[in-house]
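*Asks:* Below are the sequence and a predicted model for it; my questions follow.
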Amino acid sequence: MGVLVGKPTEENKDALSLLALSMYIGEKCVFCKREYKDLDDLKDTIWVGQNQDRRLACLGCWQKFGHNN
């Protein structure tokens with residue numbers, strides 16, 4: 001199996017963005033623990049940090065609880 005890495009272009013940038021976002025499917029909100037099951041679930045998320053327990057949160061949860069962490 002090989003991987004072909006191409007230069008981002010106007011024609012492929014949307015597909016590359018979706019591919020990058022798909023790596024977060026299966027993660028859970030750090031506050032409410034809701035699982036993000038598809039790309040649609042990821043639309044209203046926010047990046048909250050990089051480690052095993054903190055990466056994404058629902059935007060509403062972040063607005064409500066984020067300042068306390």
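*Replies:* Now that the structure is in, tell me what you want to look at. Numbers count the residues shown, from 1 in each chain.
*Asks:* So, low pLDDT: which residues of this protein?
*Replies:* For the chain, residues meeting the criterion pLDDT under 70 lie at 1-5, 53, 67-69.
*Asks:* What ranges does it have for its helices?
*Replies:* Counting by DSSP state H, residue ranges of the helices within the chain are 13-22, 59-65.
*Asks:* which one of the ones you listed is the most hemmed in?
*Replies:* helix 59-65 (a mean of 15; mean count of other CB atoms under 10 Å). (C-beta placed from N, C-alpha, C; glycine too.)
*Asks:* ok now that helix, how far from the chain's centre?
*Replies:* Relative to its parent chain, helix 59-65 has a centroid offset of 15 Å by CA atoms, centre = their mean, to the nearest Å.
*Asks:* what packs against it?
*Replies:* strand 45-47 (3 or more CB pairs under 8 Å, 6 or more residues apart in numbering; DSSP states H and E).
*Asks:* what's in contact with the strand it packs on?
*Replies:* With CB atoms under 8 Å, 6 or more residues apart in numbering as the test, strand 45-47 has contacts from 24, 29, 36, 55, 56, 57, 58, 59, 62, 66.
*Asks:* Select only the buried ones of the residues you listed in PyMOL?
*Replies:* To isolate in PyMOL the members of the contacts of strand 45-47 that are buried, counting by 16 or more other CB atoms under 10 Å, one can use:
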select buried, resi 29+36+55+56+57+58+62
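*Asks:* among the contacts of strand 45-47, which are in strands?
*Replies:* 56, 57, 58 (DSSP state E).
*Asks:* In CSV, list these along with distance to residue 43.
*Replies:* Shown next, in CSV, are these (distance: CB to CB, whole Å):
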residue, distance to residue 43
56, 12
57, 13
58, 10
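*Asks:* related to what we said a few turns ago, dump the helices of the chain into CSV; add distance to residue 51 as well.
*Replies:* Converted to CSV, those look like this (distance: least, CB to CB, whole Å):
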stretch, distance to residue 51
helix 13-22, 19
helix 59-65, 16
